[in-house]
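K.L.:
build the 3D model from these lines:
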Amino acid sequence: MNVGHGTDLKTALPHDLPVITARSWGMVATLGLVWGATFMVIELALQGFTPLWVATGRLTLAAALLCAVWAFRGGPVRLVRDDRARWPYVLTVGLTGTMLPFMALSWGQTYVTSGFAGVCMAAVPLMVLPLAHVFVPGERLGWRRVAGFLVGFAGVAVLIGPGAFASTGVAGEALGRLACLAAAACYAVSSILTRRCPPIDPVALASLTLLVGAAIALPVALAVDGLPVAPPRAALLALVTLALVPTAAAALLRIVVIRSAGPVFMNLVNYQVPVWSIMFGWALLNEPLPPSLLTALALILAGLVLSQWRALGALFRRTG
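P.N.:
Predicted structure coming up:
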């Protein structure tokens, strides 16, 4: 793996402390917006593809796109002595950050409510906190940070409502819930491994991790569902959109945020996604706004301020 290109995009060594800037806040806000809109696009893609093929298709197309970008920038894959330390991270991030959670959620959501899946994703930051405390320098587990993420999680729980935990009555629901929790755990582990990976071009890391996920997901989809039938044009367009924006572009942006600002800061995205999802549903699909929206927003914002008190203070001091 040649990482000699794109020096300006290389990120810090794993032992360097996270640096949170105005650019970091902008990238996290962008990711929340993009992933919040993703659910509508997935609904369109599911009108022409099975859940497994939606996950596999977006992974495969996104991997092809980013690998093309990486090759264009002059970054061929070469296994050399100095690169061997990176491969375990590339492979495990590819598994835990793409293929495993995509497949687990696709399968799990056939047995559980979408609200339960949403609560599981909102729990990712709470899983990241103890892992980051142990494995990531500069991510200490202080009372303010814990309180902030608990308040933010409470905001998401209020927004989704108690129906998230209602039983569907479907056989296999317990396994479906475990699959959703496993997907959340995968995302948490992936964030830590992404931060700890030795210096590497973010385009290279995003390309290779998506390629690993696609290489495993493709034979699974073929074995389970066979070849997909010719989809409607709208479903195909939705799948391409999923691959380009919330998969390829967002995967690269996610890696840049984690490598620079740290995994704990990155997980502020998880509390934004359900809010944006509801707002898009209201604005574009005429779905009603839940009466708990303002309360949930207040809790989420309070949690953000609590958990990122020092980062916000430093940002205002720099811009003041």
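K.L.:
just the element for the residue lying closest to Gln109 once chain neighbours are set aside, please.
P.N.:
Leaving aside its chain neighbours, Gln109 sits nearest to Ala117 (5.4 Å; criterion: CB to CB, 6 or more residues apart in numbering). C-betas here are computed from N, CA, C, even on glycine. Per DSSP states H and E, Ala117 falls inside helix 114-122.
K.L.:
got the buried residues for that helix?
P.N.:
Gly115, Phe116, Ala117, Gly118, Val119, Cys120, Met121, Ala122 (16 or more other CB atoms under 10 Å).
K.L.:
nearest spatial neighbour of the second one, skipping sequence neighbours?
P.N.:
Nearest in space to Phe116, with sequence neighbours left out and distances taken as CB to CB, 6+ apart, is Ala164 at 4.9 Å.
K.L.:
that neighbour: how many residues sit nearby?
P.N.:
For Ala164, the neighbour count with other CB atoms under 10 Å is 19.
K.L.:
so how far is Arg177 from it?
P.N.:
11 Å (CB to CB, to the nearest Å).
K.L.:
kindly report the same for Val256.
P.N.:
Distance from Val256 to Arg177, by CB to CB: 32 Å.
K.L.:
over to Ala185?
P.N.:
Distance of Ala185 to Arg177, given as CB to CB: 13 Å.
K.L.:
in the stretch 51-200 of the chain, which spans are helices?
P.N.:
Remark: helices assigned in the stretch 51-200 of the chain by DSSP state H, counting those that start in this stretch are 51-72, 87-94, 100-108, 114-122, 124-135, 143-160, 173-196.
K.L.:
who are the packing partners of the fifth one?
P.N.:
Here helix 124-135 is seen to pack against helix 143-160, helix 173-196, helix 263-266, helix 269-285 when contacts are counted using 3 or more CB pairs under 8 Å, 6 or more residues apart in numbering; DSSP states H and E.
K.L.:
closest to Leu193 among the buried residues of helix 114-122?
P.N.:
Nearest to Leu193 among those: Met121, at 18.4 Å, using CB to CB.
K.L.:
quick one: low-confidence residue ranges for this protein.
P.N.:
1-16, 75-83, 311-320 (pLDDT under 70).
K.L.:
burial of the residue nearest to Gly138 when sequence neighbours are not counted, as a residue count?
P.N.:
Once flanking residues are discounted, Gly138 sits nearest to Leu17: 3.7 Å by CB to CB, 6+ apart. Other residues within reach of Leu17, judged by other CB under 10 Å, total 10.
K.L.:
was I right to think Gln47 contacts Leu237?
P.N.:
No. At 11.0 Å, Gln47 does not count as touching Leu237 under the criterion of CB atoms under 8 Å.
K.L.:
comparing these two, which shows the higher neighbour count?
P.N.:
Legend: neighbour count by other CB under 10 Å for Gln47 and Leu237, higher for Leu237 (15 against 11).
K.L.:
show me the contacts for the more buried one.
P.N.:
Leu44 (CB atoms under 8 Å, 6 or more residues apart in numbering).
K.L.:
check the one 5 residues further on too.
P.N.:
With contact set as CB under 8 Å, 6+ apart, Leu242 has these partners: Thr38, Val41, Ile42, Ala45, Val54, Gly57, Arg58.
K.L.:
rerun at 6 Å
P.N.:
Val41, Arg58 (CB atoms under 6 Å, 6 or more residues apart in numbering).
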